[in-house]
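J.: Provided below for reference: sequence and predicted model.
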Amino acid sequence: MKTIDAQTFRNDDRYRRRVIDVRSPAEYRARHVPGSENLPLDKVQAGQLPMLKEGEVLTVLCETGKRSGMACELLAAALPGEVATIEGGIRALAEAGVELRSEGRVWSLERQVRAVAGALVFVGSLLSLWVPGFLAVPLFVGVGLVFAGVTDTCGMAMLLARMPWNR
């Protein structure tokens, strides 16, 4: 597995020929590299792999580089060509001035998690003023957010990624 920066992606044609975006379909529609293919990480983990010829370079992309790094490890072990991930993901590409396309206004998965977590904490706290058992809701969300921060794995994001509007 190889890691490249946004400037290398921008300046070296080899890395722009074949790009796989492992974000959710909704995130992909929000903004993506023109000509890239959307193959969400869960599909890569399930064994759905792109075809790659010997000597071909495959660049894997996500929002920040975390998911693409995970996908790269799997793909590099299973495919014959060179597999690279972009350090900083699509955010770094946007900062570097790489052309990105959008297919409408869509909330990123990260934004959806913040909105749902905030709503659960607000509603759970409000309801706990009248029904003591509802205090468990904001406590559960708080523990989930701490767990997500410590492990860099978010159960709520995995759940939201499976929702129909993110397909």
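T.: Yep, that arrived.
J.: quick check: domain ranges of this structure?
T.: Split into domains by automatic domain parsing, the chain comes to 2-95, 109-166.
J.: so which of the ones you listed gets nearest E103?
T.: Nearest to E103 among the domains of the chain is domain 2-95 (4.2 Å), distances taken as CB to CB. Quick note: C-beta positions are derived from backbone N, CA and C, even for glycine.
J.: start and end of the closest one, how far apart?
T.: 21 Å (CA to CA, to the nearest Å).
J.: buried residues in whichever helix in the chain runs longest, which are they?
T.: Looking only at the chain and at elements set by DSSP state H, the helix with the highest residue count is helix 109-128. Within helix 109-128, the residues that count as buried by 16 or more other CB atoms under 10 Å are 109, 112-113, 117, 120-121, 124, 128.
J.: tell me how far that helix lies from the chain's centre.
T.: In terms of CA atoms, centre = their mean, to the nearest Å, the gap separating the centre of helix 109-128 from the centre of its chain is 21 Å.
J.: average pLDDT across that helix?
T.: Averaging pLDDT along helix 109-128 yields 91.
J.: got a list of contacts for that helix?
T.: Residues from elsewhere that reach helix 109-128 (CB atoms under 8 Å, 6 or more residues apart in numbering): 23-24, 26-27, 63, 107, 134-138, 141-142, 144-145, 154, 156-157, 160-161, 166.
J.: what about 6 Å?
T.: The contact list for helix 109-128 (CB atoms under 6 Å, 6 or more residues apart in numbering) reads 24, 27, 134-135, 137-138, 141, 156-157, 160.
J.: so what does the helix or strand following it touch, helix or strand wise?
T.: For helix 109-128, the succeeding helix or strand toward the C-terminus, using DSSP states H and E, is helix 136-151. Packing partners of helix 136-151 (3 or more CB pairs under 6 Å, 6 or more residues apart in numbering; DSSP states H and E): helix 109-128.
J.: now do the strands in the protein.
T.: All strands of the chain, identified by DSSP state E, fall at 2-4, 19-21, 37-38, 57-61, 82-86.
J.: most tightly packed of the ones you listed?
T.: Among the strands of the chain, ranked by average contacts under mean count of other CB atoms under 10 Å, first place goes to strand 57-61 (a mean of 26).
J.: hmm, back to that, what's the closest of the strands of the chain to G47?
T.: Evaluated over the strands of the chain, closeness to G47 peaks at strand 19-21, with 14.6 Å, by CB to CB.
J.: perfect, I'm done here.
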